[in-house]
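Engineer: sequence unknown, structure follows:
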């Protein structure tokens, strides 16, 4: 189980870095491609692959909604903008899909801890977007503090929902693992 959580964490960080650096360099599609491959690898290794796929799609929709609201309110402006005005770019959508892969693995400690999940969203989302802004993938126009506060508030509402969804798909999905090193006959 520890190996699965470590592998999950490493895959997420690699995908995050690829998406953010790719977007900062004007090539978000390359980062999205790598992160997308990592999502497929995750789902193919997951013991409860169908539940993982559903969670990935739910997180993608949640991320598009929350980030779309932030774009609409003028809190976020993406360097490698999306094809559809008002929606996050494709690389960001894939990044939210990849984030979902952590919910039953490296972030499984949030399971059933909805207040902690809300705090994680309140503090973690602004920190992640500040990191993305420092690398040049996203701009935080306007007064930074109110924008980051709105971003944190929206993600503090979204995180408990995603944590709840990650535990809702059955006991086998909650005790998640990867099929690593097993021979199949």
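Structural biologist: It's in. Values in this document were obtained by computation on a predicted structure and should not be read as measured data.
Engineer: Which stretches in the chain count as helices?
Structural biologist: Using DSSP state H, the helices of the chain run over residues 2-24, 28-45, 49-72, 90-100, 114-135, 144-168, 171-174.
Engineer: Single out the most deeply packed of those.
Structural biologist: helix 90-100 (a mean of 25; mean count of other Cβ atoms under 10 Å). C-beta: built from backbone N, CA, C; applies to glycine.
Engineer: same question for it, mean pLDDT?
Structural biologist: Mean pLDDT, computed over helix 90-100, is 95.
Engineer: contact partners of it?
Structural biologist: Residues outside helix 90-100 that contact it (Cβ atoms under 8 Å, 6 or more residues apart in numbering): 11-12, 15-16, 19-20, 22-23, 28-29, 31-32, 35-36, 38-39, 42, 52, 55-60, 62-64, 67, 78, 80, 82-83, 162, 166.
Engineer: Just want the angle from that helix to helix 114-135.
Structural biologist: 150 degrees (axes from the mean of the first three to the mean of the last three Cα atoms, to 10 degrees).
Engineer: Give me the distance from helix 90-100 to the chain's centre.
Structural biologist: 5 Å (Cα atoms, centre = their mean, to the nearest Å).
Engineer: before we move on, back to that, with distance to residue 106 as added columns, please give the helices of the chain in a markdown table.
Structural biologist: A markdown table is the format used below for those (distance: least, Cβ to Cβ, whole Å):
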| stretch | distance to residue 106 |
| --- | --- |
| helix 2-24 | 4 |
| helix 28-45 | 11 |
| helix 49-72 | 13 |
| helix 90-100 | 11 |
| helix 114-135 | 12 |
| helix 144-168 | 12 |
| helix 171-174 | 15 |
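Engineer: tell me, which of those helices is the model least confident about?
Structural biologist: helix 171-174 (a mean of 44).
Engineer: Of the helices of the chain, give the one that comes closest to residue 108.
Structural biologist: For residue 108, the closest of these is helix 2-24, at 7.2 Å, according to Cβ to Cβ.
Engineer: what does the closest one rub up against?
Structural biologist: So helix 2-24 is contacted by 28-32, 34-35, 38-39, 41-42, 78-80, 89, 91-92, 94-95, 98-99, 101-102, 105-106, 108, 128, 131-132, 135-138, 176-178, 180 (Cβ under 8 Å, 6+ apart).
Engineer: Closest to the centroid, which residue in the chain?
Structural biologist: residue 99 (2.5 Å; Cα atoms, centre = their mean).
Engineer: Against residue 107, how distant is it?
Structural biologist: 9 Å (Cβ to Cβ, to the nearest Å).
Engineer: same deal with residue 130?
Structural biologist: 20 Å.
Engineer: same check, this time on residue 152
Structural biologist: Taking Cβ to Cβ, one finds residue 152 at 17 Å from residue 107.
Engineer: With residue 46 instead?
Structural biologist: Taking Cβ to Cβ, one finds residue 46 at 14 Å from residue 107.
Engineer: Having no further points to raise, I will conclude here.
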